[in-house]
Structure formats: structure tokens, C-alpha cells
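Trainee: here is my input; please provide its structure:
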Amino acid sequence: MLDKLDINHIIKIAKNAGSKALEIYNTHNLQIDYKDDNSPLTKADIQANQIICDNLKKLFPKIPIISEENKQIDYNIRKKYLYYWCIDPIDGTKEFIQKNGEFTINIALIYKNTPVLGVVYAPVLDELYYAKKGYGAFKNNKKLPLVKTSTNKYIITASKSHLSTETKQFINNIKTSKEKVIISKGSSLKLCMIASGEADIYPRLSPTMEWDTAAADAIVRESGKMVYQYNSNIPLQYNKPDLTNPWFIVE
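Mentor: Presented below is the predicted three-dimensional model:
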């Protein structure tokens, strides 16, 4: 099934959603609502989600969809999925609201519990990352990794909006003879920095959801790196009973 899927169709959907998000992003007054968990929600989240879901349903009517902005599906139903789409229509809503440009459109295809295709599009930065299992990972059509990490600096990327005390402690405890440099980024761009070779490690010792990581995780894996569960050699797993990710390290 994966061999027959043209990733260019998914890239086009991500770019269309990104164009709509950018249109809303450039307005003067963003209408911001809040979900039950007090996380922000904008018109861009809703409209980008509609574009992605509608187009995926047209192209792939038999593949189910899990999205941050859709009603969540009971595990007894979704545990039977062989393939499914995992979507975060706007990853980095706080970055979107703050207008720092570091938000992304995330679309992943999961096979059982593993991401096998991912598209991450940052409309403001005009950065497009994508990967399909067995075909490599790319940024703006250039194969990843683009660069080798610095020989004299150890580059750590960390969350711009969710830097936990535990993550800070982990960073402080990293032993390296190189100069430690911390780069803060929003959304899934942190995982993409590992895939591109622009950073050595991304520790995330605070909560995330599967749709936050799925698309970029596929890109990381195809670049030759991995997203490991914290304190283990086990890769991040998907379609769990609880869609919350455990803490993880990307390197």
C-alpha cells in the first residue's frame, strides 16, 4: 500500500492547509478560543484541519484519521487499524499566536504503531520536510541530513514554549567536551533539526501527544536518526491506549 502512495499528494494537501493558515496568520486580530485543557485554539486550527481531513478522505476513503481537532476515537475501535493518518493541523499554536513563524502543518501515515510517512510544512519559513519509509527524508527537495553537526559544538534543541525543569536538568547533566549550545524552537521543527543534522539532540521530558511527533518522527527515522523513549532503546510507539507520548530523546 505504501509503495502506491504518492507523497506529492500529501505535500499538496499540507501546502493548501498552510496557505489557509498563513492567510489567517496575517490578519490583525486573531480570534483565540480555549479547549477544556486550556490549550489555545484558533480559526486556523479548525480550517486547516478541515482542508486536510476532507482531502485525505477523498483520496484515501478507506484510511481512518486521527487528528488533534477531531473527536477522539475509542481505543477498542482504533486498535484494529492497520494504517491510519495522524494529523496536527497546526503544531505550535502558541507560536502561531505569538507570530514568530515557528508553527507547522503535520501529516503522518502510521502503519500499526510506526510512522512510515511524514510531511511537515512551516508556511511562514517556507520549509518543507517530508519522508516515506525506504525512500529517504528531504527538506525542500534536498536529501537529509543536509549537514554534519558541528565538530566543536554540541547543539541541543529544546522547546520554546514547554521547557520543563526536568528537561533543563537533563541538559545540564549532558557530559561533552564540546561547547554546549541550546537552540529553542517551536513545534515539530525541533525534531526536523535532528533529521537535518543541525542539532545533536532534542530531549523532551514533558508531555506531548502522538500527533505532535508522528510526522516529524517519520522524517527523523528516514534520516538515519531515532526518537527513543526516555531511558530506553525503544522507539516511540503510536496508537497506544493513551495517545500521550512518554518522555523521549531524539538523536
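Trainee: the closest residue to Gln229 other than its chain neighbours and Lys240: what is the separation?
Mentor: Once flanking residues are discounted, Gln229 sits nearest to Pro246: 5.1 Å by Cβ to Cβ, 6 or more residues apart in numbering. From N, CA and C alone the C-beta is placed, and that goes for glycine too. Going from Pro246 to Lys240 by Cβ to Cβ, to the nearest Å gives 9 Å.
Trainee: and those two? Which one has more around it.
Mentor: Pro246 (18 against 15; other Cβ atoms under 10 Å).
Trainee: residues in contact with that one?
Mentor: Residues in contact with Pro246 (Cβ atoms under 8 Å, 6 or more residues apart in numbering) are 229-230, 236.
Trainee: buried ones among the residues you listed?
Mentor: Leu236 (16 or more other Cβ atoms under 10 Å).
Trainee: closest to Ile65 out of the contacts of Pro246?
Mentor: Checking the contacts of Pro246 against Ile65 with Cβ to Cβ, the nearest one is Leu236 at 19.8 Å.
Trainee: neighbours of Leu191, how many?
Mentor: Using other Cβ under 10 Å: Leu191 sits among 30 other residues.
Trainee: ok so it is a helix residue?
Mentor: Yes - with DSSP: H, G, I helix; E, B strand; the rest coil as the criterion, Leu191 is part of a helix.
Trainee: so for stretch 8-27, mean pLDDT?
Mentor: Computed over stretch 8-27, the mean pLDDT rounds to 96.
Trainee: now stretch 239-251
Mentor: Per-residue scores along stretch 239-251 average to 98.
Trainee: could you pull out the buried residues of that stretch?
Mentor: 239, 243, 245-250.
Trainee: which of the residues you listed fall in strands?
Mentor: Among the buried residues of stretch 239-251, DSSP state E puts 245, 248-250 in strands.
Trainee: tabulate these (TSV), appending distance to Thr151.
Mentor: Compiled in TSV, these are given as follows (distance: Cβ to Cβ, whole Å):
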residue	distance to Thr151
Asn245	32
Phe248	26
Ile249	22
Val250	20
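Trainee: contacting residues around Val227?
Mentor: 191, 213, 217, 220-221, 235-236, 248-250.
Trainee: make it 6 Å
Mentor: Applying Cβ atoms under 6 Å, 6 or more residues apart in numbering to Val227 gives the contacts 217, 220, 236, 248, 250.
Trainee: torsion angles phi and psi at the closest residue to it other than its chain neighbours?
Mentor: Nearest non-adjacent residue to Val227, counting by Cβ to Cβ, 6+ apart: Leu236, 4.5 Å away. Main-chain dihedrals, Leu236, degrees, to the nearest 10: phi -60, psi 140.
Trainee: tell me which element Phe170 falls in.
Mentor: Per DSSP states H and E, Phe170 falls inside helix 165-173.
Trainee: ok, now which ones touch Ser161?
Mentor: Counted by Cβ under 6 Å, 6+ apart, Ser161 has contacts Lys94.
Trainee: distance of it from Lys185?
Mentor: Distance from Ser161 to Lys185, by Cβ to Cβ: 10 Å.
Trainee: strands of the stretch 1-150 of the chain, start to end?
Mentor: With DSSP state E, counting those that start in this stretch, the ranges of strands along the stretch 1-150 of the chain come out as 32-34, 40-42, 65-67, 83-91, 104-111, 114-122, 127-132, 136-139, 142-143.
Trainee: what is the least confident helix or strand in this structure?
Mentor: Lowest mean confidence among the helices and strands of the chain (mean pLDDT, DSSP states H and E): strand 32-34, at a mean of 85.
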